[in-house]
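1. any chance you can model this:
(chains A and B)
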Amino acid sequence: MRHRTILEYRDYRYLKLAALIVVAVIFAYGWYKYPVGHYGGTPLGYTLGTIGALLIVWLMWLGVQKRRYRTTGDIKGWLSAHIYLGTSLIVVATLHAAFQIGWNVHTLAYALMMIVILSGFYGVYTYLRFPSLMTENLAEDTLESLTLKIADIDREARRLALGMSDEMNKAVLTSIKETRIGGGVYAQLRESVPNCPTTIAVQLIKASAGTAKGEEARKQQDLYGLMLRKQRLVGRARTDIRYKAIMDIWLYFHVPLSVALLAALVAHIVAVFFYW
Amino acid sequence: MKTKLATITRNKKGQPASTEQTVVAETLRIGRGADCKLHLSDPRIALFHAEIMCGVDGVSFIEARGGAISVDGRFETAAKLKAGQRLMIGPFEVIVLPPQSDADLALSVELVDPLKDDLEQVKSQVKAGIKSTWLSKRLFSWVAFAAVLLVFLIWPVMNAMERGHGKESMKIAGLTADASWDVGPLSSAHASFGSNCGACHQEPFVQVTNGACEDCHKKIGWHFALDTKEAKAVHTGIFGDTQCSSCHRDHKGPDGLVRTDATLCTDCHQNLKSKHPKTGVADVADFSKDHPPFKVTMLLPGKTGPEALVRIQQDDKARYVESSGLKFPHDVHMSPKGLRGPDGKVKMECKNCHTPDETGTRFKPTTMGEHCQSCHSLEFEPKATKRQVPHGKVADVIATLQEYYAQAALTDAPIDVVLEDGIKRPGARAGETKRLAGLSWANAKADKISQELFEVRVCFECHQIKRGEANAEPAARWQIAPIAITQHWLPKSRFPHSQHDTNKCDSCHAVATSKLSSDIAIPDIKNCRECHGGNVPVKDKAPGTCETCHGFHTGSPKSGVPPILPGSNQPKLMLKTAANATHVAHSPTARSNGTGGASQ
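-> The predicted model follows:
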């Protein structure tokens, strides 16, 4: 059976729910007439605002649920609901605001909400795209097993290089000591690593092919093979880290901004009723 | 050269164990190369790292070859070796031992900086997961939460509370604390409040009260006059606890404060009896298709005073007649052929008599002195004098005539006085008898001319006059009909002439064929509908919502004016009679009016 994504959860149960909410809200907005036009303070506006605020709080509750590892229902269901109901929030909140924007805390809350939702869309995209790419990249390996394999190669290469020229030996040693896999935020996210010591070592060994003879040449050949394997392993490890970083990084916007949204929402509600 | 080498290794507890060997060679080559006598198998050592030789003076010295060496902590390319020196060759520590009798040189060698385990090495270079970086969801979340709450909630609330104690609004970079709470621009009327939110929002978490509005809007009227118990009961029944803010929502831009939607009115007025069974006001749903004919507000015939005002529907032909007490044929005055004026032919235009008032909304009253008298002179003896009778009381007219003719009889230059002998003598003075005869003549003459003026020409030309007793007091000899001119025909609508001045007068006021002053030339609803739409905006038509013509707050809460003439919109009537006026306006029958509105 084909793998079902979170979007398809239980035959699009939450897509249907979200669509129902959106249609109902649009219908209510079209049907409802208020003497001075639509805005957040009409009875419909208050209703939409309440629905929106409850949705926001509920959607944020998901984050807490995930942290607790003790969820009501299964996590896929929660996530599916989170995505679809979060998306429906665009319509609910836009109609609550009645398309009015300004330089104020009310629009700040709206803007934060939109950024949070859009970052969530990116999150959905990564959830749908990267797990398969990760599997493809790692095959039967894990980052741990790749590390072990690299360490084995290092040991072997170091032994082989001992008998070779200082230049080659040094290149191998630098590769062992300075080949960084992952690192800071940017290092984890970037696709290629310039001046990677392993790449440099591979190129050096390749360039000096033919300079040795007999036993020496065979050893060089062996070393070249080792370093080439290491280069590939390092590449896969880096790709794995990159995918994970991409799948993680949006949460560093999504979560803090949704917390900021919560604060703006509180300020918005207090402000509206403080100066009723 | 004979060298003793003690290779030191250490067990797990760090206790040293020494393996000694003696090397005999010309020079002591040091490196990881197979040909090196001091073979240091470590990738950090060059193939041929350094070389120790025996100098001519018998003192050994070391020279760097393929790698770097340090002697007692200093990097050197060559150095003489002395007992106790500490050399670092890559990760190896080499100590020069005290001279021994059976060797040229004694050294101890120890690997003091072993390579890391390969797996540990690789692991130390792998850093995976955003979590391992400086980024922190928790930190960012707290900072963002605190920042937003501080700037957009705590600061404005603190500011509002401070201001509650009479302090000024805090400002940072020109922005007040609660600027961020402002949901939208204020109406133009309230724009001057600026950031003084407390002017209207007087109590936190309490909707703007009527009291806040009435602080300024002290004279605002109710929807209709609450002058009777019944009116008050009806008002309470319909509006209950409706607040100002139920309809007036500010922060919706310059024009946003006033409701202009039809439902404001039609909610009740399309079936007003359901709200007020005794109402005499006709139902209205939409100006374009469901609005009763206009009712003009005018005086009952022959009556004066506000109590005589009635509202007559335009299709009530029998009563739709003005009784101004004047004679004024518009057709004669507006004749395209022109009129005979004092200075030749005059072709009159509407504006000759109807001049806009200061606001351009309606017209100034038309007056005898300003608008009529230049043609309609009150000369009574035009052949002899330019003198005119006063435009006023009957008695004054008679008195003027008596004075004039008496003077004429008794002075040197009477007009047609004939003395007893029939001869006019300059400088002659008449005797008593003659003077009495002259006075008698003058009175008779005045009577004759009075009768002429009141019954044939001059006064009679414009006024409706009845003859009284011939021997009555002069004031009672003729009765001039009271002048009752309606100045505001449609006081319940607001019709600004200035906004319609691109149209010709006769496109609304058909006066060219009006022969009688009783004709009323107020346009009917069809005329307005030619240009104005209804509740729903129509392409190529001007708006025609209720609010286009009518206001809401047209009743006064304080004065006891009748509902038909609510509050400030009471029509200003010019109620004067020839008997008590110094000058009389003539009837502007061809006029529509309107400042201020009133409900239907």
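2. any weak-confidence spans in the stretch 1-150 of chain B?
-> Along the stretch 1-150 of chain B, segments meeting pLDDT under 70 are nowhere present.
3. show me where it has its strands.
-> Assigned by DSSP state E, counting those that start in this stretch, the stretch 1-150 of chain B shows strands spanning B:2-10, B:16-24, B:28-31, B:38-39, B:50-54, B:60-64, B:69-71, B:74-76, B:78-80, B:86-89, B:92-96, B:105-111, B:126-127.
4. which elements pack onto the second one?
-> Packing partners of strand B:16-24 (3 or more CB pairs under 8 Å, 6 or more residues apart in numbering or on different chains; DSSP states H and E): strand B:2-10. Just so you know, the C-beta spots here come from the backbone N, C-alpha and C atoms, and that holds for glycine as well.
5. which neighbours does the strand it packs on have in its sheet, and in what orientation?
-> strand B:16-24 (antiparallel), strand B:105-111 (parallel) (DSSP bridges).
6. can you say which of those is packed in most?
-> Among those, ranked by average contacts under mean count of other CB atoms under 10 Å in any protein chain shown, first place goes to strand B:105-111 (a mean of 20).
7. got the angle for it vs strand B:60-64?
-> 40 degrees (axes from the mean of the first three to the mean of the last three CA atoms, to 10 degrees).
8. next, the angle strand B:50-54 makes with strand B:105-111.
-> Between strand B:105-111 and strand B:50-54, the angle comes out at 160 degrees (the same axes, to 10 degrees).
9. how many residues are close by B:Leu47?
-> Residue crowding around B:Leu47 was assessed by other CB atoms under 10 Å in any protein chain shown; the count is 20.
10. actually B:Glu403, not the one I typed
-> 12.
11. so who does the spatially closest residue to A:Ser88 that is not a sequence neighbour touch?
-> Using CB to CB, 6 or more residues apart in numbering or on different chains and skipping residues adjacent in sequence, the residue nearest A:Ser88 is A:Ala18, 4.0 Å away. The contact partners of A:Ala18, by CB atoms under 8 Å, 6 or more residues apart in numbering or on different chains, come to A:84-85, A:87-88.
12. again, but for B:Gln464
-> Taking CB under 8 Å, 6+ apart, one finds B:325-327, B:480-481 in contact with B:Gln464.
13. so which of those residues wins on neighbours?
-> Most neighbours among the contacts of B:Gln464, by other CB under 10 Å: B:Gly325, with 25 neighbours.
14. once you drop chain neighbours, what's closest to it?
-> Per CB to CB, 6+ apart, closest to B:Gly325 is B:Ala481, 3.7 Å.
15. okay, now whichever residue of the stretch 501-600 of chain B sits closest to chain A: neighbour count?
-> Proximity of the stretch 501-600 of chain B to chain A (CB to the nearest CB) peaks at B:Glu547, 11.5 Å away. Applying other CB under 10 Å, we find 18 residues neighbouring B:Glu547.
16. and the strand or helix carrying it, what's its mean pLDDT?
-> For B:Glu547, the element it lies in under DSSP states H and E is helix B:546-549. Throughout helix B:546-549, pLDDT has a mean value of 87.
17. helix or strand: which one has residue 232?
-> Answering for chain A, as no chain was given. Using DSSP H and E, A:Arg232 falls in helix A:214-249.
18. not what I meant, chain B
-> According to DSSP H and E, B:Lys232 maps onto helix B:229-239.
19. so B:Val310 lies in a strand, does it not?
-> Yes: applying DSSP: H, G, I helix; E, B strand; the rest coil, one finds B:Val310 inside a strand.
20. show me the contacts for it.
-> With contact set as CB under 8 Å, 6+ apart, B:Val310 has these partners: B:297-300, B:319.
21. name the member of those residues with the most neighbours.
-> B:Met298 (26 neighbours).
22. so is that one in a helix, a strand, or just coil?
-> Under three-state DSSP, B:Met298 comes out as strand.
23. my guess is it contacts B:Ile312, does it?
-> Yes: here B:Met298 reaches B:Ile312: they are 6.2 Å apart, a contact under CB atoms under 8 Å.
24. which residues do the two both contact?
-> By CB under 8 Å, 6+ apart, no residue touches both B:Met298 and B:Ile312.
25. any idea where the strands of chain A begin and end?
-> A:181-182 (DSSP state E).
26. tell me the centre residue of it?
-> The centroid of chain A falls nearest to A:Met247 when counting by CA atoms, centre = their mean (2.2 Å).
27. kindly report the same for chain B.
-> The residue lying closest to the centre of chain B (CA atoms, centre = their mean) is B:Ser188, at 2.4 Å.
28. which residues touch the residue nearest to that residue when sequence neighbours are not counted?
-> In this structure, B:Ser188 finds its nearest non-sequential neighbour in B:Pro254, 4.2 Å apart by CB to CB, 6+ apart. By CB under 8 Å, 6+ apart, the contact set of B:Pro254 is B:185, B:187-188, B:191.
29. buried ones in stretch B:365-379?
-> Within stretch B:365-379, the residues scored as buried using 16 or more other CB atoms under 10 Å in any protein chain shown are B:365-368, B:371-372, B:378.
30. nearest to B:Gln85, of the residues you listed?
-> Of all the buried residues of stretch B:365-379, B:Pro365 has the smallest distance to B:Gln85: 126.4 Å, by CB to CB.
31. right, and the closest one touches B:Ile485 too?
-> Yes: shown here, B:Pro365 and B:Ile485 form a contact pair, counting by CB under 8 Å, at 7.5 Å.
32. and the closest residue to B:Ile220 other than its chain neighbours, what pLDDT?
-> Distance criterion CB to CB, 6+ apart; nearest residue to B:Ile220, sequence neighbours excluded, is B:His553 at 5.2 Å. On pLDDT, B:His553 comes in at 83.
33. export the buried residues of stretch B:365-379 to JSON lines and tack on secondary structure?
-> Shown next, in JSON lines, are those (three-state DSSP):
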{"residue": "B:Pro365", "secondary structure": "coil"}
{"residue": "B:Thr366", "secondary structure": "coil"}
{"residue": "B:Thr367", "secondary structure": "strand"}
{"residue": "B:Met368", "secondary structure": "helix"}
{"residue": "B:His371", "secondary structure": "helix"}
{"residue": "B:Cys372", "secondary structure": "helix"}
{"residue": "B:Leu378", "secondary structure": "coil"}
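34. for those, which one is nearest B:Asp540?
-> Closest to B:Asp540 out of these is B:Thr366 (35.8 Å), distances taken as CB to CB.
35. isn't the closest one up against B:Asn352?
-> No: in this structure B:Thr366 lies outside contact range of B:Asn352 using CB under 8 Å: 9.6 Å.
36. the residue lying closest to A:Val36 once chain neighbours are set aside: how many residues sit nearby?
-> Leaving aside its sequence neighbours, A:Val36 sits nearest to B:Arg249 (CB to CB, 6+ apart; 5.0 Å). Other residues near B:Arg249 number 23, with proximity taken as other CB under 10 Å.
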